[in-house]
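A.B. asks: have a look at this prediction, sequence included:
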Amino acid sequence: MPRPLWSGAISFGLVTIPVKLVSATEDRSVHFHQIHTEDMGRVRVRKYCEAEDREVSAGEIGKGFEVSKDTLVAVTDAELEEMPLPTAKAIEIVAFVPAASIDPVRLSGDSYFLQGDGQVAAKPYALIAEALARNTKVAVAKLAWHGRERLVLLRVRDGVLVAHVLKWDDEIRDPAELAPKDLEVTDSEIDEAVQLIESMTTDDISGYRDTYREALEAVIEAKAEGRRPPEPRTGDEEQGGQVLDLMAALQESVRKAQSARGEDSGNAEIHEMPESKPEPKKKAAATKTAKKAPAKKAAKKNAAAKKPARRRGA
């Protein structure tokens, strides 16, 4: 378990639960250093003071806010910690809301586990976790951390409280101007799109992997060992041109999704896309029979023609 990033308490009415905040995720991305490509030397970022024209250490660097051009106001860490906020050392629960009412766009991507801090936290921690697990509501709380107050969502995962950082209302842009205008879709197209959604629906996404990272790690490993990087992989299926028929694209997508899940696309009432297909075997057999018939008739005609010739020779 990673080291705690913050310690304080959950404020739940008159109940106080000492907790520690630990990261719920880990960064598995491949990170690069900047290098000088000619000699492989590391390129580093150095902190310079403009006034003294010299490099400064981390201990000499503080925070400053620009109130106007050429005017900065220094704010110390101590001043930030002493701000009169009730959420400075507490996760203050302000409301409980239905989980479905939280717009996913508000989730910032930062998630943390809340660990009970000491034996005194065990029972109230278990109490709120069990209470949240028994209904469809989540807790909305406020927390002052890293120089700002944050809105967080609290929920339960496997008996552990999880905090998801939320965006404030004024941090979310209005998407109205981005919506397509003056476009219409037919009911048939909507029905096909709904059927495609149903065909691709699953309750488990644990099997998906970061294939980009795996490919990148393979390239780095090959170069480190003096080997050539792996050849680019091409898709198993040929990529066709741009599909202009939306309905045909939806129908083909449904067929492929059902085929990938091992389902019979015949039950989906899909109109097949027009394509050239070989004739069925029955038709082929009939064609062969049709071809043989003229040959037999020709043989009978030849036999009939030969018999009179034999009589004249007698």
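C.D. replies: Cool, the structure landed. Numbering: from 1, shown residues only.

A.B. asks: please enumerate the strands of the protein.
C.D. replies: For the chain, strands defined by DSSP state E occupy the ranges 6-12, 15-23, 35-36, 41-42, 48-49, 54-55, 63-68, 71-75, 90-98, 107-116, 137-145, 148-157, 160-166.

A.B. asks: with mean pLDDT and distance to L196 as extra columns, can I get the ones you listed in TSV?
C.D. replies: The C-beta positions use only the backbone N, C-alpha and C, and glycine is treated the same way. As requested, the strands of the chain are arranged in TSV below (pLDDT from 0 to 100; distance: least, CB to CB, whole Å):
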stretch	mean pLDDT	distance to L196
strand 6-12	86	43
strand 15-23	89	37
strand 35-36	92	46
strand 41-42	94	50
strand 48-49	92	56
strand 54-55	93	59
strand 63-68	91	51
strand 71-75	91	53
strand 90-98	91	28
strand 107-116	90	26
strand 137-145	90	30
strand 148-157	91	30
strand 160-166	94	30
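
A.B. asks: export those strands to CSV and tack on distance to A224?
C.D. replies: CSV is the format used below for the strands of the chain (distance: least, CB to CB, whole Å):
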stretch, distance to A224
strand 6-12, 38
strand 15-23, 29
strand 35-36, 14
strand 41-42, 17
strand 48-49, 34
strand 54-55, 33
strand 63-68, 40
strand 71-75, 45
strand 90-98, 45
strand 107-116, 31
strand 137-145, 39
strand 148-157, 38
strand 160-166, 37
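
A.B. asks: of all those, which one is nearest R173?
C.D. replies: strand 107-116 (14.2 Å; CB to CB).

A.B. asks: how near is G116 to P124?
C.D. replies: For G116, the distance to P124 (CB to CB, to the nearest Å) stands at 8 Å.

A.B. asks: could you tell me which residues touch both of the two?
C.D. replies: I17 (CB atoms under 8 Å, 6 or more residues apart in numbering).

A.B. asks: among the two, which residue is more densely surrounded?
C.D. replies: G116 (20 against 17; other CB atoms under 10 Å).

A.B. asks: so who does the residue lying closest to the more buried one once chain neighbours are set aside touch?
C.D. replies: Among residues not flanking G116 along the chain, Y125 sits closest, at 4.1 Å (CB to CB, 6 or more residues apart in numbering). Shown in contact with Y125 (CB under 8 Å, 6+ apart): 10, 17, 19, 116, 161.

A.B. asks: per-residue confidence for Y125?
C.D. replies: Listed pLDDT for Y125 reads 93.

A.B. asks: and it, how far from V152?
C.D. replies: In terms of CB to CB, Y125 sits 16 Å off from V152.

A.B. asks: cool, and G8?
C.D. replies: Counting by CB to CB, the separation of G8 from V152 is 12 Å.

A.B. asks: so for the two, which residues contact both of them?
C.D. replies: With CB under 8 Å, 6+ apart as the test, G8 and V152 both reach I91.

A.B. asks: buried set for stretch 77-95?
C.D. replies: 87, 90-93 (16 or more other CB atoms under 10 Å).

A.B. asks: hang on, I meant stretch 151-161
C.D. replies: Quick answer for stretch 151-161 (16+ other CB under 10 Å): 151-156, 161.

A.B. asks: equivalent analysis for stretch 215-230, please.
C.D. replies: Buried, per 16+ other CB under 10 Å, within stretch 215-230: nothing.

A.B. asks: who touches it?
C.D. replies: Under the contact criterion CB under 8 Å, 6+ apart, stretch 215-230 has outside partners V30.

A.B. asks: mean confidence for it?
C.D. replies: pLDDT averaged over stretch 215-230 gives 89.

A.B. asks: can you give the distance of that stretch from its chain's centre?
C.D. replies: Centroid separation between stretch 215-230 and its chain, computed with CA atoms, centre = their mean, to the nearest Å, is 27 Å.

A.B. asks: related to what we said a few turns ago, so which of the buried residues of stretch 151-161 is the closest to A260?
C.D. replies: R155 (32.1 Å).

A.B. asks: I figured that closest one hits P98, correct?
C.D. replies: No. Counting by CB atoms under 8 Å, P98 is not a contact partner of R155; they are 11.7 Å apart.

A.B. asks: need the residues touching each of the two.
C.D. replies: With CB under 8 Å, 6+ apart as the test, R155 and P98 both reach V138.

A.B. asks: ends of stretch 192-206, how far apart?
C.D. replies: Distance across stretch 192-206, first residue to last, is 27 Å (CA to CA, to the nearest Å).

A.B. asks: same check, this time on stretch 108-126
C.D. replies: 27 Å.

A.B. asks: thinking again about what came up before, need the buried residues of stretch 77-95 in a markdown table (columns: distance to S188).
C.D. replies: Formatted as a markdown table, the buried residues of stretch 77-95 follow (distance: CB to CB, whole Å):
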| residue | distance to S188 |
| --- | --- |
| T87 | 53 |
| A90 | 55 |
| I91 | 50 |
| E92 | 52 |
| I93 | 48 |
